[in-house]
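A.B. asks: here are the coordinates; sequence isn't available:
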Ligand code: UDX
């Protein structure tokens, strides 16, 4: 099939490369000049394990191309995937739909034959319906169907999540072609046994938002328990493990620590509350305010813990290991780690940060932090070492080696990922 993917960010690049891997001919559309320059140079504007290899493979196989031209896309494609961002609106909880709207406004007037648009971006319930109406107004003598096919991939495992998803969900209008088209696109995945769920568009939109709100709730739940454990002298990791072994609960998304960040969970929780408010159902989602507040409180607590560990932040030297919002990615959007590093710096400490992949992005967002080339360099002369993203390379750091570089052996395990015994045996004060 001839597929186009509109918006080549984390979601779009992954989807485009994976659809080429499934055997389709794919045209990615991106209008950002910096990203286009990277594509032209044969590299990707993001880091995602395994993605660059897959992208290159299909640039070479000829099944994947990237263009800036909506005209080319409209002329070429049969199916159009919308993969642009839906960030939080400035000064509001609601999602900013300007990029999704722009795709419809740019694409639909150019279509010269019937088309199916499958939205992948996370949108508030009701968006597909509105976009379908807009597409009807803009279409010139052609039928343009808008359906929603939410994406559940996680950064860091995006390729595997796309090629082996837990489920496929497609929200379609009755009587249209979208279901048949989606079945054809995903035929190899359906043949491999992936559940294929067909719903109306509003339900599909809500599946995605509900999933993210539930995951966020699970994380904040265990983080609230972490605070109680801390007050009671109990071990929250042991609690989470024991509770999670109950099959009804499960251990996933029950890792306590600095909380959730990134381009999805925080803004999706807020957009869900905002949309529920518009629908007159705000009251039932007030608990999500708590979920958000507990999450943000973890960042404040981490700054406080750092202050306690140093005595005073003013004049302290702080090493921050990890600035990405999670390991195996270079994304610093709403990163708890970078947020904490920034707050500590703004309160008078000198922060030197290191991250295996996210330094360039962090530097763009927070140029006033110092950045080191290695974890050991970041720890040089530090009064306290904060581990804020659980990259594998931090789990295997030698506390003796790092101990020889710091001014004081104090470590804060912000992601509860270190072997406490190993660090205390090497003479470190260990804080969580
Ligand atoms: C999330 C959803 O998982 C995915 O289905 C959706 O498509 C997009 O949003 P993502 O943001 O890529 O994916 O990462 P995820 O692995 O879900 O982690 C989100 C945040 O939660 C990270 O900051 C992570 O560190 C944090 N987290 C996750 C915890 O603090 N504890 C956990 O137990 C799990």
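C.D. replies: Everything's here; your move. Treat the numbers as computed from the prediction; the structure is a model and nothing was measured. Residues are numbered from 1 along each chain as shown.
A.B. asks: for the residue of the stretch 301-432 of the chain found nearest the ligand, give me its contacts.
C.D. replies: Relative to the ligand, the nearest point of the stretch 301-432 of the chain is residue 326 (3.9 Å; Cβ to the nearest ligand atom). The way it works is simple: take the backbone N, C-alpha and C, and place the C-beta from them, glycine included. The contact partners of residue 326, by Cβ atoms under 8 Å, 6 or more residues apart in numbering, come to 155, 156, 261, 262, 389, 390.
A.B. asks: most neighbours out of the residues you listed, which is it?
C.D. replies: The most crowded member of those, judged by other Cβ atoms under 10 Å, is residue 389 (30 neighbours).
A.B. asks: number of residues surrounding the closest residue to it other than its chain neighbours?
C.D. replies: Nearest non-adjacent residue to residue 389, counting by Cβ to Cβ, 6 or more residues apart in numbering: residue 322, 2.6 Å away. Neighbour count for residue 322, taken as other Cβ under 10 Å: 32.
A.B. asks: so residue 322 makes contact with residue 390?
C.D. replies: Yes: the pair residue 322 and residue 390 passes the contact test of Cβ atoms under 8 Å, sitting 7.2 Å apart.
A.B. asks: overlap of the contact sets of those two?
C.D. replies: residue 415.
A.B. asks: give me the buried positions along the strand or helix carrying residue 222.
C.D. replies: Following DSSP states H and E, one finds residue 222 within helix 201-232. Within helix 201-232, the residues that count as buried by 16 or more other Cβ atoms under 10 Å are 201, 204-209, 211-213, 215-226, 229.
A.B. asks: now do stretch 106-122
C.D. replies: Buried residues in stretch 106-122 (16+ other Cβ under 10 Å): 106, 107, 108, 111, 115, 116, 117, 118, 119, 120, 121, 122.
A.B. asks: that stretch: end-to-end distance?
C.D. replies: This stretch, stretch 106-122, spans 20 Å end to end (Cα to Cα, to the nearest Å).
A.B. asks: and the average pLDDT for it is what?
C.D. replies: The average pLDDT for stretch 106-122 rounds to 97.
A.B. asks: repeat for stretch 318-327
C.D. replies: pLDDT averaged over stretch 318-327 gives 98.
A.B. asks: try stretch 233-248
C.D. replies: The average pLDDT within stretch 233-248 is 98.
A.B. asks: I'd assumed residue 17 was in contact with residue 83.
C.D. replies: No: contact between residue 83 and residue 17 fails when scored by Cβ under 8 Å: they sit 11.9 Å apart.
A.B. asks: residue 239: what secondary structure?
C.D. replies: Counting by DSSP: H, G, I helix; E, B strand; the rest coil, the backbone at residue 239 sits in helix.
A.B. asks: same thing with residue 198?
C.D. replies: Once three-state DSSP is applied, residue 198 turns out strand.
A.B. asks: returning to what we had before: the ligand next: which of the buried residues of helix 201-232 are close?
C.D. replies: Residues of the buried residues of helix 201-232 in contact with the ligand (Cβ under 6 Å from any ligand atom): 212, 215, 219.
A.B. asks: and which of those is nearest the ligand?
C.D. replies: residue 219 (4.4 Å).
A.B. asks: my guess is the closest one contacts residue 262. True?
C.D. replies: No: if you go by Cβ under 8 Å, residue 219 and residue 262 don't touch, sitting 11.5 Å apart.
A.B. asks: near the ligand, which residues of the chain show up?
C.D. replies: 151-155, 212, 215, 219, 253-255, 257, 259-262, 264-265, 325-326.
A.B. asks: residue of the stretch 1-150 of the chain nearest the ligand, please.
C.D. replies: residue 122 (7.2 Å).
A.B. asks: and that residue, what element?
C.D. replies: Residue 122 is part of no helix or strand, with elements assigned from DSSP H and E.
A.B. asks: what's the closest non-adjacent residue to it?
C.D. replies: Residue nearest to residue 122 in three dimensions, not counting chain neighbours: residue 208, with 5.3 Å by Cβ to Cβ, 6+ apart.
A.B. asks: contacting residues for that neighbour?
C.D. replies: 122, 150, 151, 152, 169, 268.
A.B. asks: could you redo the last one with a cut-off of 10 Å?
C.D. replies: 120-123, 125, 148-152, 169, 171, 264, 268, 272 (Cβ atoms under 10 Å, 6 or more residues apart in numbering).
A.B. asks: residue 131 too?
C.D. replies: Contacts of residue 131 (Cβ under 10 Å, 6+ apart): 82, 97, 100-101, 103-105, 108, 117, 119, 123, 144, 146, 148, 201.
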